[in-house]
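1. predicted model and sequence follow; I will ask about them next.
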Amino acid sequence: MKLTGRTLLADGKLRSGTLTLADGRVRGFTPGPARPCFVLPGFVDLHVHGGGGADVMDGAEGVAAVASFHLRHGTTALCPTTVTRPLRELEAAVAAVGSVSDGPERARILGTHLEGPFLAPARLGAQPPHALAPDPQALRRLLAAGPVAAVTLAPELPGALELVRLLVGRGIRVGLGHTDCDAAEAAAAFEEGAGGATHLFNAMRGLHHRKPGLAAAALEAPKTVHEIILDGVHVHPSLFRIAYRAARGRLALVSDAVRACGLPPGESELGGQRIVVAADRATLGDGTLAGSILTLDRALRKAVSAGLSVEEASDLLSRNPADALGRTDLGRIVPGGPADVVVLDEDLRLRSVLRGGQEVDLGA
């Protein structure tokens, strides 16, 4: 297969020409004339709960449906993300993620993102009230249940740093989130190898000039990558631009999408809780934001609207999140790499998605 357009190559440059794909891999790029479109690496989502009416907590069928839904929006690899529930339910969810077979009809599944249960009770946001104190035995049970790629926890809780060390030792990304930690507590976790912040600015202390909290510590911490939900609701564009300049190369756009993503406004569910879905957001009955109804193709357009170039925005959706998981084989277009590619028109509207070189039916 050959794709002509302005292609984002591994050197970070958009170049006009023809991209050749064969046997599920990128085979080469030839400079030359191009159609008026962009050819970018497929998106990688570190944080996604649901979409298209399905939820990761529904079991293997739900995980597969979520991965299929988001593939049709350009996400070619993702981490199915849990909500905080009783330990046995979380074990079952992790096992379900591990049981879903790989296939071209769904995004690559990179392992579970456990958002909890070791969260600060005061910062649960829309997470169900099942937070646990840090417990190495409970964590080992979860890790034994199936593949885990990332864990979000609150670093200020007694025993949390022991969990950070355990996870880092196993090569699992640690995200700091749903936390009331101060900057010093966050810095201590980053020193132990925590990989970044979960949905930066949300479910944590704000940027106060005398009490900076996790957000400031995250933006300063080297060798970290931080999630941001760029849906126009969770984070103001001006604060996104400040974060981008402070942590260039260290931000990853995530969807944090819930079951209601892709469905009409109305009522839905998250972790057993009723949520209300409007045109641009999902909330609990009290107005607390409950995940998002964002897809990553929209996040790309939001980033460009906020002032980033297409090249810069693409890195936040592909290269940076892949690197956050140590998956340097994903998130870029390189000879020999997986042929996971999205094609967008000049208005950045999705025109085609290829996963392993196979074109996805966007209307399925």
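-> That came through, no problem.
2. wasn't Phe132 part of a helix?
-> I think there's a mix-up here, since residue 132 is Leu and not Phe. No: checked against DSSP: H, G, I helix; E, B strand; the rest coil, Leu132 lies outside a helix; its state is coil.
3. ok, it touching Pro121?
-> No: proximity of Leu132 to Pro121 does not meet the contact threshold set by C-beta atoms under 8 Å, at 10.0 Å. (Glycine included, C-beta is placed from N, CA and C.)
4. which helices and strands does the strand or helix carrying His113 pack with?
-> Under the assignment given by DSSP states H and E, the secondary-structure element containing His113 is strand 112-115. Secondary-structure packing of strand 112-115 (3 or more C-beta pairs under 8 Å, 6 or more residues apart in numbering; DSSP states H and E): strand 43-48, strand 75-80, helix 87-99, strand 148-153.
5. residues making contact with the first one?
-> The set of residues that contact strand 43-48 without belonging to it, under C-beta atoms under 8 Å, 6 or more residues apart in numbering, is 56, 66, 70, 73-81, 107, 110, 113, 115, 150, 173, 198-199, 227, 252, 254-257, 296-297, 300, 317-318, 321-322, 324-325, 327, 330-331, 342.
6. the third one now?
-> Contacts of helix 87-99 with the rest of the structure, by C-beta under 8 Å, 6+ apart, involve 56-57, 59-60, 62-63, 80, 82, 84-85, 109, 111-112, 114, 117, 132, 138, 141-142, 145-148.
7. how about stretch 51-62?
-> Counting by C-beta under 8 Å, 6+ apart, stretch 51-62 makes contact with 48-50, 63, 65-66, 68-70, 80-83, 85, 89, 92-93, 96-97, 99-100, 112, 255, 257-263, 269-271, 295, all of which sit outside it.
8. hey, C-alpha coordinates of that stretch in PDB?
-> Provided in PDB are the C-alpha atoms of stretch 51-62 (Å, rounded to 0.1, in the frame of the first residue of the first chain):
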ATOM      1  CA  GLY A  51     -16.600   4.700  24.600                       C
ATOM      2  CA  GLY A  52     -19.400   3.800  22.200                       C
ATOM      3  CA  GLY A  53     -21.600   2.500  25.100                       C
ATOM      4  CA  ALA A  54     -18.900   0.100  26.400                       C
ATOM      5  CA  ASP A  55     -16.700   0.300  29.500                       C
ATOM      6  CA  VAL A  56     -13.500  -1.400  30.600                       C
ATOM      7  CA  MET A  57     -15.200  -2.600  33.800                       C
ATOM      8  CA  ASP A  58     -17.700  -4.600  31.700                       C
ATOM      9  CA  GLY A  59     -15.300  -7.400  31.100                       C
ATOM     10  CA  ALA A  60     -13.500  -8.800  28.100                       C
ATOM     11  CA  GLU A  61     -16.300  -7.900  25.700                       C
ATOM     12  CA  GLY A  62     -16.300  -4.300  27.000                       C
END
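9. tell me the buried residues in it?
-> Neighbour-count burial for stretch 51-62, with 16 or more other C-beta atoms under 10 Å as criterion, is recorded at 51-60, 62.
10. same thing with stretch 135-142?
-> Of all the residues in stretch 135-142, those buried under the rule 16+ other C-beta under 10 Å are 138-139, 142.
11. pLDDT and distance to Gln127 added to those residues, as CSV?
-> Written out in CSV, the entries for the buried residues of stretch 135-142 read as follows (pLDDT from 0 to 100; distance: C-beta to C-beta, whole Å):
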residue, pLDDT, distance to Gln127
Ala138, 98, 16
Leu139, 98, 17
Leu142, 98, 16
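12. need the residues you listed in TSV with secondary structure and distance to Thr288, can you?
-> Written out in TSV, the entries for the buried residues of stretch 135-142 read as follows (DSSP: H, G, I helix; E, B strand; the rest coil; distance: C-beta to C-beta, whole Å):
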residue	secondary structure	distance to Thr288
Ala138	helix	26
Leu139	helix	27
Leu142	helix	26
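13. so can I have JSON lines of those showing distance to Leu163?
-> Shown next, in JSON lines, are the buried residues of stretch 135-142 (distance: C-beta to C-beta, whole Å):
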{"residue": "Ala138", "distance to Leu163": "9"}
{"residue": "Leu139", "distance to Leu163": "6"}
{"residue": "Leu142", "distance to Leu163": "11"}
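14. ok, so of those, who is nearest Gly24?
-> Of all those, the one sitting nearest Gly24 is Leu142; the distance, using C-beta to C-beta, is 32.3 Å.
15. might one say that that closest one is in contact with Asp135?
-> No: Leu142 sits out of contact with Asp135 when judged by C-beta under 8 Å, with a separation of 10.1 Å.
16. coming back round to it: which among the contacts of stretch 51-62 end up buried?
-> Neighbour-count burial (16+ other C-beta under 10 Å) is assigned, among the contacts of stretch 51-62, to 48-50, 63, 65-66, 68-70, 80-83, 85, 89, 92-93, 96-97, 100, 112, 255, 257-262, 270-271, 295.
17. pLDDT on stretch 201-221, on average?
-> Across stretch 201-221, pLDDT averages out at 93.
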